[in-house]
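K.L.:
Okay, structure incoming, though there's no sequence with it:
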RNA sequence: GGAGCCGUAGUGUAGUGGUCUAACAUGUCGGCCUGUCACGCCGAAGAUCGCGGGUUCAACUCCCGUCGGCUCCGCCA
């Protein structure tokens, strides 16, 4: 059908559709938006008009003449302007499901500002459609109210952060997007330099080194809401480009930062969600978190703690347990309340969940009225069984689950099992916000691939002063002045007090296996800067996408990013990445070794 | 790099070796309709079942491969 596109000339939008109330009755208004739905009754046409403020019903009467004629040709998602008068709806036609349901706009004039193809999915909340389609037509997906709410929440969150930090004397400073590839850490995205053949910039994994140099530069209090890039595999909560709130402060100690961040979080959650966070935020040491919850980002919305039974079972006749302990491992368990009646199938599923993290098996013991029902009960004496049940705090009707393994495997497997049980048993309230600090992370861990120690946080993290003596003797036992903020089992952010003393930094490099020459080569500019009067300093960085995901109660950060990538790192809307013209490569002095025959990209 | 799940009209699903000439809902298009709001009623169009190969008399269905998507492990200082 031939559609006539009209101009907007002479019309001035007076209201948002969703803003109109009974108080506007009698008022002459001009609305502009998208046709959400049209109901054509032959002699009377209703149009639900939508803009980002909401919906309102527009009524077109044949008496309106040309407006009625045009309304007949209008289709979903057409962009129209309507001028008319707000009126009360007739008796009995009020729609309580609609915010503007008590009124309607009687169209006097209607202009079709643009037509639209029929969208491939409904422009409304709660749609059940393949995410591929949503990402391909992201502009339509973002038209949906729930997505608009998330985008607004994200904006409100960064606004609240800026406002808080501004009041505390922080300056927002931009750092380069084209920078130096840094060793250590994630894989870099590289950008070839045209002017320097054979050389490359890297996109920043974080502004870490720049923000520390800003402390040397005397900025004292810095922040930045900044895009960061990591060329690693994706997850529901990991994208190759993401946004972080990056903060650094001088002349402070760990407590100063933690306190400031707690106040920041309280302020942001109050301003965006109207929620009050209980302060101070509770703290766990890394050691405690791993032992009790099997994770360095424990979900504290529910208890269900892991219990160590190594000492109880070390002398038992059950070889799997006793030999695990004898071999330096541990036996730990969980008491699943009221799960004694779990089926074979449910137990298999739990075993699978534990196996993902490397547990070789999952021992179970159902506490029934007739005693312990379990394939392993026969290996224990009555006394051992009693001691075991007592240690686990097991009651009749409970199911005890055990993993015997290296400490790291047992912790990880039971930690994941704990989350699985928490979900299955509905042990927590979805609305709850359980913040926690995790502190005293280890400074170093051993990398078998590289056959050396690597920094758990980064090479500039200050060791805890009481552990300084261990640096030489037992480096793996040294704890760092590093901290993570965790919310509902998700790592929101992390930071540390940095090393500002040359002697300690040299020790650290020594432990990481860098010769002075190597250190200079990798971080020379930073070390040089550090020689010109570096204040004690420290900071933290938060994943904005994850924070918004939790605030909006979504399961993936893709829903909180306007234009996210798929799991294979592509953009379904733009079809990026793509091949480029050979001349472009030539200019950059590059030659692709890829074997795919992409001859210049898709048309 | 590895494991698992998914792929059928525009969309969401059904169909598990033979009336499948692929069904249902919704959407779309046309007609009717002056108080609907997931409007209603009547009618129509719309799918080489992701792609390629194999098994079979016969494949949407079984097998292999491949592509795409999702979840997870590794990886992510």
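P.N.:
On my side now, so go ahead. Only a predicted model underlies this, so the values are computations on that prediction, with no experimental measurement involved. Numbering: from 1, shown residues only, chains lettered A, B, ... in the order given.
K.L.:
Could you look up the SS state of residue A:495?
P.N.:
strand (DSSP: H, G, I helix; E, B strand; the rest coil).
K.L.:
correct me, but residue A:269 touches residue A:433?
P.N.:
Yes. Between residue A:269 and residue A:433 there is a contact under C-beta atoms under 8 Å: 7.4 Å. Every residue, glycine included, has its C-beta placed from N, CA and C.
K.L.:
The two - which one has more neighbours?
P.N.:
residue A:269 (20 against 17; other C-beta atoms under 10 Å).
K.L.:
where exactly do the strands run in the stretch 201-350 of chain A?
P.N.:
With DSSP state E, counting those that start in this stretch, the ranges of strands along the stretch 201-350 of chain A come out as A:221-229, A:241-250, A:283-285, A:307-308, A:330-336.
K.L.:
how about the third one: buried residues?
P.N.:
With burial defined by 16 or more other C-beta atoms under 10 Å, the residues of strand A:283-285 counted as buried are residue A:284.
K.L.:
Who are the packing partners of it?
P.N.:
Judged by 3 or more C-beta pairs under 8 Å, 6 or more residues apart in numbering; DSSP states H and E, strand A:283-285 is in contact with strand A:435-439.
K.L.:
Please apply the same query to the second one.
P.N.:
In this structure, strand A:241-250 makes packing contacts with helix A:145-167, helix A:208-216, strand A:221-229, helix A:254-273, strand A:490-497, strand A:537-543, helix A:544-552, judged by 3+ C-beta pairs under 8 Å, 6+ apart.
K.L.:
Any residues of the stretch 201-350 of chain A in contact with RNA strand B? List them.
P.N.:
A:205, A:206, A:208, A:230, A:232, A:233, A:234, A:235, A:236, A:237, A:238 (C-beta under 7 Å from any atom of the strand).
K.L.:
Surely the fifth one and residue A:239 touch.
P.N.:
By that I understand residue A:232. No. The criterion here is C-beta under 8 Å, and residue A:232 misses it with residue A:239 at 10.1 Å.
K.L.:
Comparing these two, which residue is more hemmed in?
P.N.:
Neighbour comparison, residue A:232 and residue A:239: the larger count goes to residue A:239, with 24 against 13 (by other C-beta under 10 Å).
K.L.:
need the contact list for the more buried one.
P.N.:
A:545, A:557, A:558, A:561, A:564, A:565 (C-beta atoms under 8 Å, 6 or more residues apart in numbering).
K.L.:
same thing but 6 Å
P.N.:
A:564, A:565 (C-beta atoms under 6 Å, 6 or more residues apart in numbering).
K.L.:
One more: the one 5 residues further on?
P.N.:
Residues in contact with residue A:244, defined by C-beta under 6 Å, 6+ apart, are A:228, A:541, A:543.
K.L.:
The last one: neighbouring residues, count only.
P.N.:
Residue A:543: 23 surrounding residues under other C-beta under 10 Å.
K.L.:
Which strand residues bridge it?
P.N.:
residue A:244 (DSSP bridges).
K.L.:
how far away is it from RNA strand B?
P.N.:
Counting by C-beta to the nearest atom of the strand, to the nearest Å, the gap from residue A:543 to RNA strand B is 10 Å.
K.L.:
Could you list the low-confidence segments of the stretch 501-603 of chain A?
P.N.:
The model of the stretch 501-603 of chain A has pLDDT under 70 over residues A:595-603.
K.L.:
Repeat the analysis, applying 80 as the threshold.
P.N.:
Scanning the stretch 501-603 of chain A for pLDDT under 80 picks out A:594-603.
K.L.:
Show me where it has its helices.
P.N.:
In the stretch 501-603 of chain A, the helices defined using DSSP state H, counting those that start in this stretch lie at A:502-511, A:516-530, A:544-552, A:582-587.
K.L.:
For residue A:564, give me its contacts.
P.N.:
Contacts for residue A:564 (C-beta under 6 Å, 6+ apart) come out as A:239, A:558.
K.L.:
Break down the stretch 351-500 of chain A into its strands, ranges please.
P.N.:
Using DSSP E, counting those that start in this stretch, the strands of the stretch 351-500 of chain A run over A:363-368, A:371-373, A:399-405, A:435-439, A:444-447, A:452-455, A:482-487, A:490-497.
K.L.:
Which one, of the ones you listed, ends up nearest to residue A:141?
P.N.:
strand A:490-497 (23.6 Å; C-beta to C-beta).
K.L.:
mean confidence for that closest one?
P.N.:
Averaged across strand A:490-497, pLDDT comes to 96.
K.L.:
So what's the gap between it and the chain middle?
P.N.:
13 Å (C-alpha atoms, centre = their mean, to the nearest Å).
K.L.:
Let me see the residues that make contact with it.
P.N.:
A:254, A:297, A:457, A:461-462, A:481-482, A:484-485, A:538-542, A:546-547.
K.L.:
partners of that strand, with directions?
P.N.:
By DSSP bridges, strand A:490-497 pairs with strand A:482-487 (antiparallel), strand A:537-543 (antiparallel).
K.L.:
okay, the angle between it and helix A:208-216?
P.N.:
Calculated by axes from the mean of the first three to the mean of the last three C-alpha atoms, to 10 degrees, strand A:490-497 forms an angle of 40 degrees with helix A:208-216.
K.L.:
Mind checking if strand A:490-497 is in reach of RNA strand B?
P.N.:
No. On the criterion C-beta under 7 Å from any atom of the strand, strand A:490-497 is out of touch with RNA strand B, staying 8.4 Å away.
K.L.:
hang on, the earlier thing: next, format the helices of the stretch 501-603 of chain A as CSV and append distance to residue A:573 and mean neighbour count.
P.N.:
Putting the helices of the stretch 501-603 of chain A into CSV (distance: least, C-beta to C-beta, whole Å; neighbours: other C-beta atoms under 10 Å) gives the following:
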stretch, distance to residue A:573, mean neighbour count
helix A:502-511, 44, 17
helix A:516-530, 38, 15
helix A:544-552, 18, 23
helix A:582-587, 22, 11
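K.L.:
Compare those and give me the one nearest residue A:284.
P.N.:
helix A:544-552 (18.6 Å).
K.L.:
So what touches that closest one?
P.N.:
So helix A:544-552 is contacted by A:150, A:153-154, A:157, A:237, A:242-243, A:245, A:273, A:487, A:490, A:492, A:557, A:560-561 (C-beta under 6 Å, 6+ apart).
K.L.:
Just list the residues touching residue A:130, thanks.
P.N.:
Residue A:130 neighbours (C-beta under 6 Å, 6+ apart): none.
K.L.:
Quick check: the gap between it and residue A:136.
P.N.:
As judged by C-beta to C-beta, to the nearest Å, residue A:130 and residue A:136 stand 9 Å apart.
K.L.:
before we move on, what about residue A:442?
P.N.:
Separation of residue A:442 from residue A:136 (C-beta to C-beta) stands at 44 Å.
K.L.:
the more surrounded of these two?
P.N.:
residue A:442 (20 against 15).
K.L.:
Hmm, residue A:456 and the more buried one touching each other?
P.N.:
Yes. Residue A:442 is within contact range of residue A:456, at 5.4 Å (criterion: C-beta atoms under 6 Å).
K.L.:
So for stretch A:248-266, what gets flagged as buried?
P.N.:
A:248-250, A:252, A:254, A:257-258, A:260-262, A:264-266.
K.L.:
can you check stretch A:151-166 too?
P.N.:
For stretch A:151-166, by 16+ other C-beta under 10 Å, it's A:151, A:153, A:154, A:156, A:157, A:158, A:160, A:161, A:164, A:165.
K.L.:
Kindly report the same for stretch A:563-571.
P.N.:
Buried residues in stretch A:563-571 (16+ other C-beta under 10 Å): A:564, A:565, A:571.
K.L.:
Now do stretch A:357-372, average pLDDT.
P.N.:
Rounded mean pLDDT across stretch A:357-372 is 91.
K.L.:
ok, now stretch A:311-329?
P.N.:
Averaging pLDDT along stretch A:311-329 gives 93.
K.L.:
what about that stretch, how long is it end to end?
P.N.:
11 Å (C-alpha to C-alpha, to the nearest Å).
K.L.:
do stretch A:478-494 as well
P.N.:
18 Å.
K.L.:
what do you get for stretch A:112-119?
P.N.:
With C-alpha to C-alpha as the measure, the ends of stretch A:112-119 fall 18 Å from one another.
K.L.:
same question, stretch A:438-448
P.N.:
End-to-end for stretch A:438-448, by C-alpha to C-alpha: 26 Å.
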